[in-house]
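Novice: Return atomic coordinates for the entry below.
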Amino acid sequence: MREPSAALVLAATQVAAVRDVPAARLALLAQVFKGPTGRAPKHLPFRRAALSFMRWQARRGVLAPLDASPPGSVWWRSVNERLLLDGCETVALLGGVTGEPSSPAVQLWLEFAATPTGRHWYRAHNASVVAGYLEHRDLADAESEAERFFMNVALLRVLYAHALAAAPELALGPFAPLGRVLGDPRLGMAGVFLSLRAVLPDAYPLGREAERYIADEQHLGRMLDYAVIAPRLQRLYEWSAEALGEPRLLGCVREGNPIYAWPFERRHVWRTSHMNAAGRLLERVTRAR
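Specialist: Now for the predicted structure:
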């Protein structure tokens, strides 16, 4: 096995130093967008979306130390660390620390650094998130049933946000021109999609069954998930796997149903028979032609 590069070792040291301090994790991520010199004005606007996703995790308590009361989540902490590790390694490489990119995700972060656009940001961010999901699949099984449901919701939401910006026809059908605005990670709407406050519980750990939380989901979030995202889930995962260069992502969906640490036999949770008139209209008008 190849020895880790100096850039990767430095990144791992930085991440280890903030492992048990959620506020320090947030500060480290914010620092990543300043680059190796502390001045990266073209990259700073992209902090908003990245921090929205992480702040939501911190608010829930999933990033808390494992000896806290209640403890944080081993799975969420690990997925979050993958994002931090990739970002820190990228900054180290840009700063001249020796080494080659240790993963395809880091290569995508370097491409974002060279060309800071919304599409490049989503590719890099989601490549790190997906890598964390795949790398820590075994840890997901230790989480509650409801938490495993929401892991899938979080994943499909970040994939959909990417599609809004980079494949708006897929995301919104005839309303595709709105996608580039709604999905721009430099603007507030992308933060709404990635903060997940409207669709996932703020508490951790979750003590009820998934169906109970689904019933309590806020009306707007439920309408978006069931009317707009659910009908295009299979195509969304297929497009994302190609865009991220990660074919293993296709193992997280089956026949249009998310199956990351979730049994295909319980696929009924991804559909609803109680769509209201507004939801049915939204599904119809956003359907791809």
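Novice: When you work out contacts or count neighbours from here on, use the C-alpha atoms and nothing else.
Specialist: OK.
Novice: Quick check: the gap between residue 109 and residue 127.
Specialist: Remark: distance between residue 109 and residue 127 (CA to CA, to the nearest Å) = 9 Å.
Novice: now the stretch 51-200 of the chain, which segments are flagged as low pLDDT?
Specialist: In the predicted model, the stretch 51-200 of the chain carries pLDDT under 70 at residues 188-199.
Novice: and residue 102, which of the three is it?
Specialist: coil (DSSP: H, G, I helix; E, B strand; the rest coil).
Novice: In contact with it, which residues?
Specialist: Taking CA atoms under 8 Å, 6 or more residues apart in numbering, we find residue 102 in contact with 4-5, 8.
Novice: And those, which is closest to residue 159?
Specialist: The shortest approach to residue 159 among the contacts of residue 102 belongs to residue 8, at 26.6 Å (CA to CA).
Novice: Name the nearest residue to the closest one, ignoring sequence neighbours.
Specialist: Here the nearest residue to residue 8 in space, its sequence neighbours aside, is residue 89; by CA to CA, 6 or more residues apart in numbering that works out to 5.4 Å.
Novice: list the helices and strands the host helix or strand of that neighbour packs on?
Specialist: Residue 89 is part of helix 74-94, with elements assigned from DSSP states H and E. Judged by 3 or more CA pairs under 8 Å, 6 or more residues apart in numbering; DSSP states H and E, helix 74-94 is in contact with helix 6-18, helix 22-32, helix 104-114, helix 118-135, helix 137-140.
Novice: what's it in contact with?
Specialist: Helix 74-94 has contacts (CA under 8 Å, 6+ apart) with 7-8, 10-12, 14-15, 19, 25, 28-29, 32, 35-36, 54, 57, 62-63, 66, 99-101, 105-106, 109-110, 125, 128-129, 131-133, 136, 139-140, 143.
Novice: got the angle between it and helix 6-18?
Specialist: Counting by axes from the mean of the first three to the mean of the last three CA atoms, to 10 degrees, helix 74-94 lies at 140 degrees to helix 6-18.
Novice: hang on, the earlier thing: which of the contacts of residue 102 has the most neighbours?
Specialist: Highest neighbour count within the contacts of residue 102: residue 8, with 24 neighbours (other CA atoms under 10 Å).
Novice: any idea how far it is from residue 123?
Specialist: 20 Å.
Novice: what does residue 255 give?
Specialist: Residue 255 sits 24 Å away from residue 123, taking CA to CA as the criterion.
Novice: Name the residue in those two with the higher neighbour count.
Specialist: Higher neighbour count among residue 255 and residue 123: residue 123, with 23 against 11, using other CA under 10 Å.
Novice: Which residue is the nearest non-sequential neighbour of that one?
Specialist: Computed as CA to CA, 6+ apart, the closest residue to residue 123 that is not its neighbour in sequence is residue 244, at 5.9 Å.
Novice: The one you found contacts residue 128, correct?
Specialist: No. In this structure, residue 244 is not within contact of residue 128 by CA atoms under 8 Å, at 9.6 Å.
Novice: With neighbour numbers in mind, choose between those two.
Specialist: residue 128 (28 against 20).
Novice: ok, back up a step: local confidence estimate at the residue nearest to residue 123?
Specialist: Looking at residue 244, its pLDDT reads 98.
Novice: repeat for the one 4 residues further on
Specialist: pLDDT for residue 248: 98.
Novice: measure it to residue 133 for me?
Specialist: For residue 248, the distance to residue 133 - CA to CA - is 11 Å.
Novice: and the two? which has more neighbours close in?
Specialist: Counted by other CA under 10 Å, residue 248 and residue 133 do not tie: residue 133 has more neighbours, with 25 against 11.
Novice: quick one, the helix holding residue 89 and helix 118-135 angle?
Specialist: Using the same axes, to 10 degrees: helix 74-94 against helix 118-135 is 130 degrees.
Novice: quick one: helix 74-94 to helix 22-32, angle?
Specialist: Using the same axes, to 10 degrees: helix 74-94 against helix 22-32 is 30 degrees.
Novice: any idea where the helices of the stretch 101-250 of the chain begin and end?
Specialist: 104-114, 118-135, 137-140, 145-166, 168-172, 176-182, 188-195, 210-216, 219-223, 233-244 (DSSP state H, counting those that start in this stretch).
Novice: Which neighbouring elements make contact with the shortest one?
Specialist: For helix 137-140, the contact count by 3+ CA pairs under 8 Å, 6+ apart identifies helix 74-94 as packing neighbours.
Novice: Kindly export the helix it packs on (C-alpha atoms) in CSV.
Specialist: Provided in CSV are the C-alpha atoms of helix 74-94 (Å, rounded to 0.1, in the frame of the first residue of the first chain):
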residue,chain,number,x,y,z
VAL,A,74,-20.5,7.6,14.5
TRP,A,75,-21.8,7.5,10.9
TRP,A,76,-22.6,11.3,10.5
ARG,A,77,-19.3,12.2,12.1
SER,A,78,-17.4,9.9,9.7
VAL,A,79,-19.2,11.2,6.6
ASN,A,80,-18.6,14.8,7.7
GLU,A,81,-14.9,14.1,8.3
ARG,A,82,-14.5,12.8,4.7
LEU,A,83,-15.7,16.2,3.4
LEU,A,84,-13.3,18.0,5.7
LEU,A,85,-10.4,15.7,4.9
ASP,A,86,-10.9,16.3,1.1
GLY,A,87,-11.1,20.0,1.5
CYS,A,88,-8.0,20.2,3.7
GLU,A,89,-6.0,18.0,1.4
THR,A,90,-7.0,20.2,-1.5
VAL,A,91,-5.8,23.4,0.3
ALA,A,92,-2.5,21.7,1.2
LEU,A,93,-1.9,20.6,-2.4
LEU,A,94,-2.7,24.1,-3.6
